Structure formats: structure tokens, C-alpha cells
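> Quick one: sequence and predicted model below, then my questions.
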Amino acid sequence: MSAKKARILIAKPGLDGHDQGAKVVVRALMEAGFDVIYTGLRQSPEAVAERAAAEKVDVIGLSSMAGSHLSFCARLKPLLDEKGLGDALWIIGGNVPEGDHGALRALGLDAIFATGTPFDDIIDYINRKTA
Amino acid sequence: MSNRHGSNIPPVINESGIEIKPVYTDRDVIDSGGYDFIGAPGEYPFTRGIHPLMYRKRPFTMRQYTGFANAAETNQRFHYLIANGQTGLNVAFDLPTQIGLDSDDPMAEGEVGRVGMAVDSLKDFEIAFDGVDLEEITVSLTINGAAAILIAMYLAMAEKRGYDIRTLRGTAQNDILKEFIGRGTWIFPVAPSIKLVGDTIEFCAREAPKYSPLSICGYHIRESGATPAQEMAYAFAIGKAYIDEVTARGLSVDDFAGRLSFNFNIFGNIFEQVCKFRAGRGLWAKIVKEDCGATDQRSMVMRMIAGGGGSGLTLEQPENNIVRGAYYALISALSGAQTMALCCYDEAYTIPTPFAQHLSLRTMQLLIGEMGLGDTVDPLAGSYYVETLTNQMRSEMEKIIADVEADGGIVKQVAEGRIQASVSAQAYDMQKRIQSGEFPKVGVNCFRDSEDSAGTDDEDHKPAFHPYDADGAKRQTDALADVRSARDDGTVRRLLKKLEADARAGENVMPAIMAAVKAYATVGEMTRALAAVYGRYREPISF
């Protein structure tokens, strides 16, 4: 049988208040049997790193709709390393322009999911990577 | 499947849950409530429109949502839009401004000027509106959590330029209850947030009686996952909560309700949308008259801005959004909107480019100029289908409002996060229906472009991104430092103390905010003074 399901943190970075997408993905992941923690809005990089460490998550997912993901991820990266979360699966979804993908991957983002990505694609990806 | 028409056609149920028949007759109108609630345009209950002549007298105001980077660049864009025939301004603010942070706040890093204009002090308003004729061009401020402060800035700026605020027109969004449901730019807890909205309405009713200090938004509730009927019903419940807040202070509903307006969403089925607005106008009039005790007809009319919704647009085949936008504008005109702010085809990607804004403006102008949408009032009236569906949509909205009231009322339900949770669950169900193909979305789950088709989804057609100017943030924080060094700090400190004291005493805080604004106190400083008394909202998280 399959191993224990991954533990996932879904966070809303920065000041953006568009949380429909994040909440929808949280529901889809919960329904797929994952342990999901949703932070709510307005998370600083420090808050995301601390929560991820405290909850001992396997996956850190950010939802970005208002464009501040690059500077946020650049500030989050060293904090994750500091907390020993460098190996956690790090993913982002939402309104992430293709032009930013290279820089995000260079920072260590493992996957980037556009708005409207089928839930099964996200679920399969997490299952594969955390198996 | 067989149905009562004896044929094997699948049922059609609209998003609000109403089954649509293949054919309508006079009988359906009678059975759904008859023609009694339609009335004449400009007369109670205003189902057919709020004015007897509607667009024959004055076409809808065209007011695209604009604002970016800093005040100087926003000012340039304003002048460009006005030169192109836009008749109103709809100002977008960046997120730090929206949640009451100064541009040099650590939480503002990477966000200054990103999704709208950065505002720290009155100075920014002076620059942004420089050269704009505030009598000719009506200005709408898309601001909620920090609305009391920005309304004060607008009034103070106008006063400084010699306008009489007793005759000054303009609008602020200022609908904080919907921010708790969707969009999320709340600052203070629910109760003091409503109190602040009450303060702005009361202050404007006394000091700036032509100013519209509140635009009640169904728009964002719909974006968060509500059905069209829920969008209207929740907005009306929220609108009534604000009216109750102000009348509890001794004002009559007729002292201020005539300045209230609404902001609604348009995407989805054309007829469901048009009937939603016709039904909504009738229902709002009834609520304000019967439940709130208004006697002045001007208090009862549902004025609205409507012109699309971001959730209807798709990342896939983005040029389809141009076509969607044209239909949304058509719906808005058929529905008798007072103001149109048409969504732009690139909104699923970025904040609108000048090209996309221009296209939206021309789309609206085409409707009046070429397509005859301004020729006659409420042109769909009398259609068996439209009148039946209008009656049914109104009944559905009434039912939703009754359910909310029976379950503790809208304020309680929002404070406990219950509306948020149920709307979010609906958004999830809709997303599943789209992903399964049950709910068609062209270019997303049907009519997708294949690799070798003459498709549209190639690089050449991808919208250009609005670049973020990181140097702009530095210019804004430098300008803020200049404002701080030029002002009289002692006066600012004294006025901030006075603001905090007024808040603590439960006074209307608008006079104290006006005074602080005029002394160049910043958005962040005034917000902190209020938060010292009100505290800050903590988001309930429930699934």
C-alpha cells in the first residue's frame, strides 16, 4: 500500500488578498487525503518559514495572484535553508508569468502551476515527488 | 432523459439554480409573479431602470480602473484616458495603501506601486489629480480598509484646490464587509470596521452631501464563488447592515441612502445576468422602502457600476477575452448600468496595458455610438423569458436574504467566517465542474487549440506584461521621507493623538482624520492610531 500521505502547507505570501484559488486547492488536496495546513492571508517570509518548520511539512505551497512572488521567494529561500527545509518540496501556483519561471526555478522552486491547473496534475505531482 | 415536454433534451439549470425552459409564454410570467413588479422606468420599484429616459438622457459613464506606480505616473495615465473620451476615473491603489501601510513599512517590500498607485500622504493626491477638473470628471476611489483616510485625502485635496466640498461629487468603494468575504484588504475587526463606514457616511451626509462614500460590492463576493443570485442577496444584506449602522446614529435613511451605489459582476449567462440586475433593482427598492422606511424615491434606487468580472476571463486563448468583454459590456448596457468599467482582455495575466484599456474604452463607445444600446430604455422588457426569469431571480434572492437573517444576520455570519466557507466550497465545486467538462469554458475544457490548428494560443498573441518598476518603490519612499521632513512633526503627533482619543471615545473619527491628513500625517500613521484602539482583524480559517 502507499506510504503515509504528505503534509502540506499552503500559504498566501505578502499582501495579496485573492485567496479563492488557494482555498480551492486546499480543498482539493484535503479531499485527496493530504494533511493540509492553510495559513490565511498576509504571510511574511519569516511567518511561512516558521510555520513550515513548526508543522514539519513535506511540501510548501505558495499562492500568488498579485505579482510579488519573485521578491517574496528570494527572501523566503534563505529562511527555509536556515530552518533545514531546503529539501522540502517547494511549489507555487497562481498568476505567475512565464518570464519569472527561470528566476523562480533558480531560487529552488520545484514546480509552478498556472491558474486553472487540473487538481489531478497537482495531486499526482506531489504524490510522485513525496513517494 | 425525458421531460415534461416529451422530448429527450437535457435540462438546463442556470448558476443560480433556476431551471430554464425551452420555451416561455405569458403563462410563465403570470405563474412566476406576474407583471406587477415591473413598473415604469424611473418609477418604483425601478425594475426597468432608475431613470425614465436612461441612456437617451445620458449614456453610462465610462470609467476604467486605473492607477499604478506612483502619483506622477498615474496622473499621466489619467490625462491620457480623459483625452481619449473617458468620462470618469476609477483609481487603483497598491496593496500597502489598501491595508494601511506606508511605503517604507517592512511588510510593503516588493509591493509598493505594484497593483496600483502608492499613497502615503495628501501630497500623493495633490500630484495624482493635478490638472484634472474634479467637477467635469467624477473620481471613484477603489479603497476599503483605508477608505476613511483616503476619502479625507480626496476632500482635503479638493478643498485645497478651491472646490467646495458641499457640492463635490465622487465615490469611494468603502465596502469593508465584502473584503472579509473576498479580496481581503481588511485592517480592523468587523465591528469597528462597520463603525468606520458609518463614520464616513455620517460625515459626508453632513459635510459633503454630494459625495458618495459607499459603493456596495457584490462583485468580489461573486469572484469568490457566489452564484449570481447570492451576489445580489449578500450585497443587499450588507447594504442594509450599513444603513442600520447609520440610522442607529439618528440620521434618517433619506439623509444618505440617495448617495449609495453598487458594484456588481458580470460573467456567465447573458439572460441570467440581465435578469439579475432587473430583479435586484426591484428588490433593493423594496428593502429600502419597506425595511428601512425610506420615503424619498432617490433613496430606493440601485445605482450601479458593472462591466465584467475577472473570473470569467481565461488564461487560455486570451484574445477570446476581448469577445467576452464585448458581451459583458452588452449585458451591462442591456441591464441599465449607470457606470461601466469593462474588464480588459489581459486581466487574467496582468494589470491592464494601455492597449487593452483603449480596446475596452472603444468597446463601450461602440455600443452607444454604433449598436443602438442608448436608443431605448430596458429593451428586453416584455420578453416572456426575461420577465419570468426576473421574477424568479428576485424570489431566489429574497429566499437567500431570509436564510441569512434567520441564521444570525450577515454581520455575524461574516465575522464567524461562515459566508466565506460556503462561498469557497462553491468555488471548489465550480472548479471541479470546469475540470470535468460539465461546465463549458471555451478554450479551457472545450474548443482547445490543437498543435497544428490555426490556433490563437501562440506566443505572438500572449499579452505583454506590465513591468514592475523596482526603482519606483525607491522614488516613493524617498518622496515619503521628503514629506516627513517638510511637515511640522509636533502638529502631526498632536493630531494623531487626537485621532486616537476620538476613536477611544467612540466619536466620529472623520474630523480628526481630516485634520491629520491636512497636516500630512501618513496612511500608516493614521492606521496605527486607529489600530491602537480598534485592534486588528484575525482571519477565521475554516474548511
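Structure received.
> Poorly predicted segments of the chain, please.
In the absence of a named chain, this looks at chain A. Residue ranges of chain A with pLDDT under 70: A:1-3.
> Hmm, no, I was thinking of chain B.
B:1-7, B:67, B:451-466.
> Scan it for its longest helix.
helix B:384-406 (DSSP state H).
> and for that helix, what are the contacting residues?
B:16-18, B:20, B:24-26, B:28-29, B:31-35, B:37-38, B:47, B:228-230, B:232-234, B:236-237, B:271-272, B:274-276, B:278-280, B:282-283, B:380-381, B:410, B:413 (C-beta atoms under 8 Å, 6 or more residues apart in numbering or on different chains). (Each C-beta comes from the backbone N, C-alpha and C, glycine too.)
> Give me the ChimeraX select line for these, limited to the buried ones.
For the buried members of the contacts of helix B:384-406, the matching ChimeraX selection, counting by 16 or more other C-beta atoms under 10 Å in any protein chain shown, is:
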select /B:16,18,20,24,28,29,32,33,37,38,47,228,229,230,232,233,234,236,237,271,272,274,275,276,278,279,280,282,283,380,381,410,413
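> residues in contact with residue B:416?
Counting by C-beta under 8 Å, 6+ apart, residue B:416 has contacts residue B:540.
> can you give me phi and psi for it?
As for residue B:416, its main-chain torsions (degrees, to the nearest 10) stand at phi -90, psi 0.
> same thing with the one 4 residues further on?
With angles defined as degrees, to the nearest 10, residue B:420 shows backbone torsions of phi -60, psi -50.
> ok, how many other residues are close to it?
When neighbours are counted by other C-beta atoms under 10 Å in any protein chain shown, residue B:420 registers 24.
> ok, for it, nearest residue in space, not its chain neighbours?
Distances taken as C-beta to C-beta, 6 or more residues apart in numbering or on different chains put residue B:181 closest to residue B:420, at 5.5 Å, once the chain neighbours are dropped.
> Next one: that neighbour from residue B:421, what distance?
Computed as C-beta to C-beta, to the nearest Å, the residue B:181 to residue B:421 distance reads 10 Å.
> what's the answer for residue B:339, then?
Residue B:339 is 32 Å from residue B:421, by C-beta to C-beta.
> neighbour count winner among those two?
Set side by side, residue B:339 and residue B:421 show more neighbours around residue B:339, with 23 against 16, by other C-beta under 10 Å.
> Wait, the more buried one touches residue B:58, no?
No. Contact criterion C-beta atoms under 8 Å: residue B:339 and residue B:58 do not qualify, at 11.0 Å.
> Closest approach to chain B from chain A, which residue is it?
Evaluated by C-beta to the nearest C-beta, chain A has residue A:17 as its residue closest to chain B, separated by 2.3 Å.
> How many residues are close by the residue lying closest to that residue once chain neighbours are set aside?
Computed as C-beta to C-beta, 6+ apart, the closest residue to residue A:17 that is not its neighbour in sequence is residue B:184, at 2.3 Å. The tally of other residues near residue B:184 (other C-beta under 10 Å) stands at 27.
> residues contacting residue B:184?
A:16-19, A:41-42.
> of all those residues, which comes closest to residue B:133?
Of all the contacts of residue B:184, residue B:133 sits closest to residue A:17, with 33.2 Å by C-beta to C-beta.
> In a strand, the closest one, correct?
No. The assignment for residue A:17, made by DSSP: H, G, I helix; E, B strand; the rest coil, is coil rather than a strand.
> Pretty sure it sits against residue B:181.
No. The pair residue A:17 / residue B:181 is not scored as a contact, 10.7 Å apart, by C-beta under 8 Å.
> in what helix or strand does residue A:63 lie?
Taking DSSP states H and E as the criterion, residue A:63 maps to strand A:59-64.
> list the helices and strands that strand packs on?
Contacts defined by 3 or more C-beta pairs under 8 Å, 6 or more residues apart in numbering or on different chains; DSSP states H and E place strand A:59-64 against strand A:7-11, helix A:20-31, helix A:45-54, helix A:69-82, strand A:89-94.
> what angle do the shortest one and strand A:89-94 make?
For strand A:7-11 and strand A:89-94, the angle between their directions (axes from the mean of the first three to the mean of the last three C-alpha atoms, to 10 degrees) works out to 40 degrees.
> Residues touching strand A:7-11, excluding its own?
For strand A:7-11, using C-beta under 8 Å, 6+ apart, the contacting residues are A:22, A:25-26, A:29, A:34-39, A:43, A:48, A:51-52, A:55-63, A:126.
> Kindly report the same for the last one.
Where contact means C-beta under 8 Å, 6+ apart, the residues beyond strand A:89-94 that reach it are A:6, A:21-22, A:25, A:58-65, A:69, A:73, A:80, A:104, A:108-115, A:117, A:122, A:125-126, A:129-130.
> Just the CA trace of stretch B:379-399, in PDB.
In PDB, the C-alpha atoms belonging to stretch B:379-399 read as follows (Å, rounded to 0.1, in the frame of the first residue of the first chain):
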ATOM      1  CA  PRO B 379     -35.000  47.000 -24.400                       C
ATOM      2  CA  LEU B 380     -35.500  43.300 -23.200                       C
ATOM      3  CA  ALA B 381     -38.600  44.200 -21.200                       C
ATOM      4  CA  GLY B 382     -41.700  42.300 -22.000                       C
ATOM      5  CA  SER B 383     -39.900  39.200 -23.200                       C
ATOM      6  CA  TYR B 384     -41.700  36.200 -21.600                       C
ATOM      7  CA  TYR B 385     -38.400  34.700 -20.700                       C
ATOM      8  CA  VAL B 386     -36.800  37.800 -19.300                       C
ATOM      9  CA  GLU B 387     -39.800  38.800 -17.200                       C
ATOM     10  CA  THR B 388     -40.200  35.200 -15.900                       C
ATOM     11  CA  LEU B 389     -36.600  34.900 -15.000                       C
ATOM     12  CA  THR B 390     -36.600  38.400 -13.500                       C
ATOM     13  CA  ASN B 391     -39.400  37.300 -11.200                       C
ATOM     14  CA  GLN B 392     -37.600  34.000 -10.400                       C
ATOM     15  CA  MET B 393     -34.300  35.700  -9.700                       C
ATOM     16  CA  ARG B 394     -36.000  38.100  -7.300                       C
ATOM     17  CA  SER B 395     -37.700  35.200  -5.400                       C
ATOM     18  CA  GLU B 396     -34.300  33.400  -5.200                       C
ATOM     19  CA  MET B 397     -32.600  36.500  -3.800                       C
ATOM     20  CA  GLU B 398     -35.400  37.000  -1.200                       C
ATOM     21  CA  LYS B 399     -35.000  33.500  -0.100                       C
END
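> circling back: for the longest helix of chain B, buried residues please.
Under 16+ other C-beta under 10 Å, the buried positions of helix B:384-406 are B:384-398, B:400-401, B:404.
> the strands in the stretch 301-450 of chain B, which residues?
B:304-306, B:339-340 (DSSP state E, counting those that start in this stretch).
> just so I know, which of the ones you listed lies nearest chain A?
Nearest to chain A, of those and by C-beta to the nearest C-beta, is strand B:304-306 at 19.8 Å.
> Now find how far off-centre that closest one is within its chain.
From the chain centre to the centre of strand B:304-306 is a distance of 7 Å (C-alpha atoms, centre = their mean, to the nearest Å).
> Show me what that strand is packed up against.
Looks like strand B:304-306 contacts strand B:261-264, strand B:339-340 (3+ C-beta pairs under 8 Å, 6+ apart).
> which residues touch the spatially most central residue of chain A?
A centroid search over chain A (C-alpha atoms, centre = their mean) returns residue A:61, at 0.8 Å, as the residue closest to the centre. Residue A:61 sits next to A:8-11, A:25, A:91-93 when contact means C-beta under 8 Å, 6+ apart.
> returning to what we had before: for the strand holding residue A:63, which positions count as buried?
For strand A:59-64, by 16+ other C-beta under 10 Å, it's A:59-64.
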